[in-house]
Structure formats: structure tokens, C-alpha cells
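Novice: Requesting a structural model of the entry that follows:
(2 chains)
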Amino acid sequence: MAVPAVEVTRVGRVYGSGSKAVRALSEVSFEIGTGQVVALLGANGAGKTTLTKILSTLLLPTSGSARVLGVDVVRDPKAVRRQSSVVFGGDRGLYPRLTGLDNLRFFGMLAGVPRAELRDRGGTLLEQFGLAEAANRRVETYSKGMRQRLHLAIGLIPRPRVLLLDEPTVGLDPLEADRLRSSVDDLRSEGVSVLLTSHYLLDVERLADRVVMLESGRVTADLPLAEFAGRAGYAAVVTMQIRGKAPDVHGLLPANASVDSCVATGEGVELTLRLRTWGEGVFTQLGALLDGSDVVDVQVRPARLEEAFASFVGTGSPDAPA
Amino acid sequence: MSDLVERGATALEVLVISARMQISQTLSATTTVVFAFIQPVVLLIVTLLPLQDPTPRQVSNIVVGVLLTAFWTATVWGSGSVLRHDRAMGTLAHSLSGVMDARLVVIGKGLGSSAISIVLVSLTVGAVMVVLRRLVVLERPGWLLLGLLAVLASGAAVGLLVGSIFVLTRYGPQLSSALMYPVFLLGGMLIPPDLLPPALRWVSYGISLRWLQQFLVGAATGELELRALAFAIALTLLYGLLGVLLFQRIVTRARRDSTLELF
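Specialist: Predicted coordinates for the structure are as follows:
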């Protein structure tokens, strides 16, 4: 049987002691298989960063065990570091007076990459992340996006088999974020296992195979992405712009639909329905509902991940997702 | 064997890059103007100008004392702040989650800080001596160079020790000031130890720079004081050992109690 890339077993972490003790993680268990991308989700203070710190050997668990490729993070942290990398979010964590290439080489050396390999791969990796032209410029001249891409290049220079990504797209513009997501997506085909912590649910939507949901330090869900999205409680939202009076929906509303809102607009109303399931006959049912109404526009969108997220954290408006 | 050589070469390169970074950092810091120019100039003028026909030994004593006093300031502000600075920049987490020993980075930066401090302060001292038309004898330049290398090593060791204490206690800025002046006054570099009250004289015996001063002055004036060099080296090794242990304690405590805000 193949060893999981990451194996977290009943991990607990308590900060402080006595009456001031704060339980950050409690009985957290999950696994990440080879080449899987698992998103770790949760509101602020749910314990995501604590778990990332434990897996990157920067913090000890107070109970349970965590293994990376079969190696215990407490007993043999160096062996764990040889096979994994952690990419910190934000624009800190780099030496601004060194060039991008020098940062890459320096942190590569700290990660134990042989110097010959650094020479061979440094330039290629910077090119892969669109930093070839800026390789010999000081990092203090880099934009936020460039720094973030450099972080990822540094994380990948030791050829890790497990990558811990903490908020990789924070502060990036949509184009930069998309570029970074593509780079992470490519890792899957190379067999790299990724634990992704992000408040940007678009990252999760685009990259993750599975979602592990943390709430107050406990795992409240460990589901494939599609199943997690389904937890929003409905499959799709239909928004209709109707000129004039709103139709009388009572009695005609499909059994699997509910009215989300009916708002007056300048010309008429905007009616929004939520459909628990989407299947054959939905359009026919909607047609019947709107028969006789002057429909200007109809928009259908699937349930968003953030709505599933909100249903898990138990609020109508998710805490953090943007 | 080749793996060992490769690791040794990588460790050396980490040291060199760390030193280079710290040199660049020191050259751009405003505090450098204080320790490398203002402080040595003022101290040299105050101590040398009133002397009528000083002996070569007196001049050497003052010059080396001023050099080491400025060096001490640089060590507390420079090498001692490396860990705090790296933590603030978020780079410490990278060092601590790497395969190579993170102490290499701190020691490399300490060496860089010490090297640039020695060079800058020596240039200032040299310029002042030219302006004041005072002659400094350099009887045994080889031994003098060895002494300066010992100063370099001592600065790096003190930097690791002091920097670890600063991070461990979380009172870095306060301790910087608390450490600076007692060593100025009691370290034997500006005030000869035999002029200090006997009850306080012992303090200087535990400071490597005091012994290095004795050795450097001897080397400059032709008297080889190897005993002083031996004391300085022993103290440097002791500082280094304590620094290594304290750094390990920081890492252990950070993993156990989450005392370092790494990311």
C-alpha cells in the first residue's frame, strides 16, 4: 500500500497553559495522496496556519502525529524538510537587497539543493515563473506578484514531493493570480502533493481535488470538491429581469425551487430563485412560471464555493472569502 | 566523501552570501555613520589631542581602544540585531525550515557585520591619524592581522550570543542600551583596567575585546602577548558555544511554545 504524502492523525495543538490555554487544533485527521491537491479551508482562527506550521516542522503538535511521506514531523524534522517545501504568502520572506536569482540560490542552498543543480535549474525555474528578465534585479524592485512567484520558485527548487502553500495568491491582481494558479496546477501532473491554504475560494475551485474544512480547530468536512460545493444547499441560482409586474409564483414554483429575492427595479422586478437540484424539465418549469411575463434577461449560475463555505461556518456571509 | 565536500562548500557559500547581505545592510544603515565615523572621530580627538608627546604604546593603546569601542557598538547594533531583523523580514522562517543549519546564516551575517565594521572604523581612524599627524607603529603586522581576524571571529560569536539573548528575552532594544555603556566603561578598551576600581576590574576579564586590545597593542608595539590572545580565543569560543546553545533553545522553544512569529 502506498504511503500517503501527508498523514495527519488526531493532531491537537494547545497554545499556553492553565486558564489561558487556547486549543487551536483538536483531533484533526486527514490524508493527502500522491499528486493530490487538498484545500484547507476555515474562517480566521480555525487553525489552518497552525496545521501548516506543524507540517512544515516549525511547530510541534501537543497530541497526535503528523507524517510527511511516512516521516514523523516531530522525530525527524530534517528528513521531512528534505522532501517538502513551504511557500509563505505575502511579500515578506525574501531578502530585498539580493537579486531574484540570488534569493533563489540562497534559499535553495538552505534547502539542501546541490550547487550544480542550483546553477542548472535556477534560471529555468525563474523563466518558468516569468521572472527571467528580472532575475538579476534586486527583489526590492519587484512587484507583489513577482515576489509571490519568486516565493513559489523558491519553494519548488528543492523538487519537493509535498508542497505546503499558505495563501499563495494573496494581494495579487487577477492576471497574476491566474498565472500562479496555472503553475500550481502543473505540479499535479508532476506528482507533487499540495496542501493549499487560501481565503480565495477561486484558488480552491481551480486547483483542489478535495476540501478539508476546519472550524474551531476541528475537521468539520473532508469532501471531494464537487461534493463540498453541493453543500451550499442548492445547485444553481436563476436570476430573471422582468419588465412590469412580477408573476404570481405561488402554485407555479417548481418543487425544488425557492424564492431567494424579488426586488423592484426601475422597469419592473428582479426575481431570484434557488434550485436545490438541476435536471431535465427545469427550463420547462421556469417557462411555465414566466408565462405571460415580459422577461428581459435570464441568468443561471451554479452554486458558488463561498456559499458552501458559508453554510459550513454557519453564517450567511462568509467570513473571509473574497 | 564528495557529499561531505559538497556540503562544506554549500555551507561556505551560505556564510559568504549571508556576510555579503549584512555588509550591504550595514552600508545602508544610518547607524553606521555613528559607529564608523562620528564615534571614533570624537573619541580620538578627545583622547589624543590633550596628550603632549605620547609614547607609541600610548597612541597604539588609544587607537586600538577606539577601534574596539566602535566595533563593540557595531556588534550590538549590527550582529546582535541579525535575528530580530530576519524575524521582522519573515526570512527566519525560511532559514528554520531549511535543511542547512540556520545558525550558518546568523554567523555569516555576524562575520559580515564585523568585517565591514573593522574596515570602516580602521579607515576613519587612519584618516584621523593623518589629519592629527600622529604616527601609529605597526611592528608586527602579521600578528596584528591575526589579532584582527580574532576580533572578527569574536564579533560573530558575540553577535550570535547577544542576538539570541535579544530574541529569547524579547527585550532587544532595552538590552542593547544596557549592554553598550557598561562595556564602554568597564570593558577596559577606553579606560585602562588598572584605573578602574578594584571591585569592578574583574568585569573586563570576561570581555574578549579587552584581551584582544592587549594583544593588538602588543603586536603594534613589538611585544607579543600570546597569553592575551589565548584568553580572547577562549572567551570567543565560550561566547560561540553559548550562542549556539541559546539559538538551539530559541528554535526548540519556538517549536514547542510558538514564541517566534514566523509567518
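Novice: Got phi/psi on residue A:28?
Specialist: phi -80, psi 130 (degrees, to the nearest 10).
Novice: Pretty sure it sits against residue A:218.
Specialist: Yes. Counting by CB atoms under 8 Å, residue A:28 touches residue A:218, with 7.0 Å between them. No exception for glycine: its C-beta is placed from N, CA and C like everyone else's.
Novice: what about the closest residue to residue A:41 other than its chain neighbours, helix or strand, and which?
Specialist: Nearest residue to residue A:41 in three dimensions, chain neighbours excluded: residue A:213, at 5.1 Å (CB to CB, 6 or more residues apart in numbering or on different chains). According to DSSP states H and E, residue A:213 maps onto strand A:210-215.
Novice: So what touches that strand?
Specialist: For strand A:210-215, the external contacting residues (CB atoms under 8 Å, 6 or more residues apart in numbering or on different chains) are A:25, A:28, A:30, A:36-43, A:46-48, A:51, A:204, A:219-225, A:228, A:309, A:312-313.
Novice: Just to be sure, which of those are found in helices?
Specialist: Assigned to helices by DSSP state H, the following of the contacts of strand A:210-215 qualify: A:48, A:51, A:204, A:225, A:228, A:309, A:312-313.
Novice: For these, name the two members farthest from one another.
Specialist: Farthest apart among the ones in helices among the contacts of strand A:210-215 by CB to CB are A:51 and A:225. That separation is 19.2 Å.
Novice: worst-scoring helix or strand of chain A, pLDDT-wise?
Specialist: Of all helical and strand segments in chain A, the minimum by mean pLDDT, DSSP states H and E falls on helix A:305-313, at a mean of 71.
Novice: helices or strands up against that one?
Specialist: Packing partners of helix A:305-313 (3 or more CB pairs under 8 Å, 6 or more residues apart in numbering or on different chains; DSSP states H and E): helix A:201-207, strand A:210-215, helix A:225-230.
Novice: and that helix with strand A:210-215, angle?
Specialist: Following axes from the mean of the first three to the mean of the last three CA atoms, to 10 degrees, one obtains 40 degrees for the angle between helix A:305-313 and strand A:210-215.
Novice: CA atoms of helix A:305-313 as PDB?
Specialist: Listed next in PDB are the C-alpha coordinates belonging to helix A:305-313 (Å, rounded to 0.1, in the frame of the first residue of the first chain):
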ATOM      1  CA  LEU A 305     -17.900  27.600  -3.300                       C
ATOM      2  CA  GLU A 306     -18.200  30.500  -1.000                       C
ATOM      3  CA  GLU A 307     -21.900  29.700  -0.400                       C
ATOM      4  CA  ALA A 308     -20.900  26.200   0.600                       C
ATOM      5  CA  PHE A 309     -18.200  27.700   2.800                       C
ATOM      6  CA  ALA A 310     -20.700  30.000   4.400                       C
ATOM      7  CA  SER A 311     -23.000  27.100   5.100                       C
ATOM      8  CA  PHE A 312     -20.200  25.300   6.900                       C
ATOM      9  CA  VAL A 313     -19.200  28.200   9.000                       C
END
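Novice: Could you give the separation of that helix from the chain centroid?
Specialist: 13 Å (CA atoms, centre = their mean, to the nearest Å).
Novice: what's the answer for stretch B:110-130, then?
Specialist: Distance, centroid of stretch B:110-130 to centroid of chain: 12 Å (CA atoms, centre = their mean).
Novice: Could you do stretch B:107-119 as well?
Specialist: Stretch B:107-119 has its C-alpha centroid displaced from the chain centroid by 8 Å (CA atoms, centre = their mean).
Novice: now do stretch B:229-244
Specialist: On CA atoms, centre = their mean, the centre of stretch B:229-244 falls 12 Å from that of its chain.
Novice: Check stretch A:224-244 too.
Specialist: For stretch A:224-244, the separation from the chain centroid amounts to 20 Å (computed by CA atoms, centre = their mean).
Novice: buried ones in it?
Specialist: Burial within stretch A:224-244, assessed by neighbour count using 16 or more other CB atoms under 10 Å in any protein chain shown, is assigned to A:225, A:228-232, A:234-238, A:240-242.
Novice: Spell out the secondary structure type for residue A:298.
Specialist: When classified by DSSP: H, G, I helix; E, B strand; the rest coil, residue A:298 comes out as strand.
Novice: I misspoke; the intended subject was residue A:194.
Specialist: Going by three-state DSSP: residue A:194 is strand.
Novice: isn't it right up against residue A:37?
Specialist: Yes. Counting by CB under 8 Å, residue A:194 does reach residue A:37; the two are 4.4 Å apart.
Novice: Touching both of the two, which residues are there?
Specialist: A:184, A:187-188, A:207.
Novice: picking up where we left off before, residue A:28 and residue A:218: who's more crowded?
Specialist: residue A:28 (26 against 16; other CB atoms under 10 Å in any protein chain shown).
Novice: Excluding covalently adjacent residues, which one is nearest to that one?
Specialist: residue A:11 (4.6 Å).
Novice: Also residue A:110?
Specialist: residue B:98 (3.4 Å).
Novice: was I right about the one you found contacting residue A:111?
Specialist: Yes. Contact criterion CB under 8 Å: residue B:98 and residue A:111 qualify, at 5.1 Å.
Novice: Need the overlap of contacts for those two.
Specialist: Here residue B:98 and residue A:111 have residue A:81 as joint contacts, going by CB under 8 Å, 6+ apart.
Novice: can you pull out the helices in the stretch 51-200 of chain B?
Specialist: Here the stretch 51-200 of chain B has its helices, by DSSP state H, counting those that start in this stretch, at B:56-77, B:82-89, B:92-96, B:103-132, B:141-169, B:172-186, B:198-205.
Novice: The fifth one to helix B:82-89, inter-axis angle?
Specialist: In this case it means helix B:141-169. Using the same axes, to 10 degrees, helix B:141-169 lies at 50 degrees relative to helix B:82-89.
Novice: State the number of residues packed around the closest residue to residue A:221 other than its chain neighbours.
Specialist: For residue A:221, ignoring the flanking residues on the chain, the nearest one in space by CB to CB, 6+ apart is residue A:213 at 3.9 Å. Around residue A:213 there are 22 other residues, counting by other CB under 10 Å.
Novice: Distance of residue A:213 relative to residue A:13?
Specialist: With distances taken as CB to CB, to the nearest Å, residue A:213 is found 17 Å from residue A:13.
Novice: Over to residue B:45?
Specialist: Using CB to CB, one gets 59 Å for the distance from residue B:45 to residue A:13.
Novice: Those two - which one has more neighbours?
Specialist: Using other CB under 10 Å, the more surrounded residue of residue B:45 and residue A:13 is residue A:13, with 23 against 13.
Novice: residue contacts, the more buried one?
Specialist: Applying CB under 8 Å, 6+ apart to residue A:13 gives the contacts A:23-25, A:47, A:50-51, A:54, A:59, A:61-63, A:217.
Novice: now, among these, which is nearest to chain B?
Specialist: Nearest to chain B among those is residue A:59, at 5.7 Å by CB to the nearest CB.
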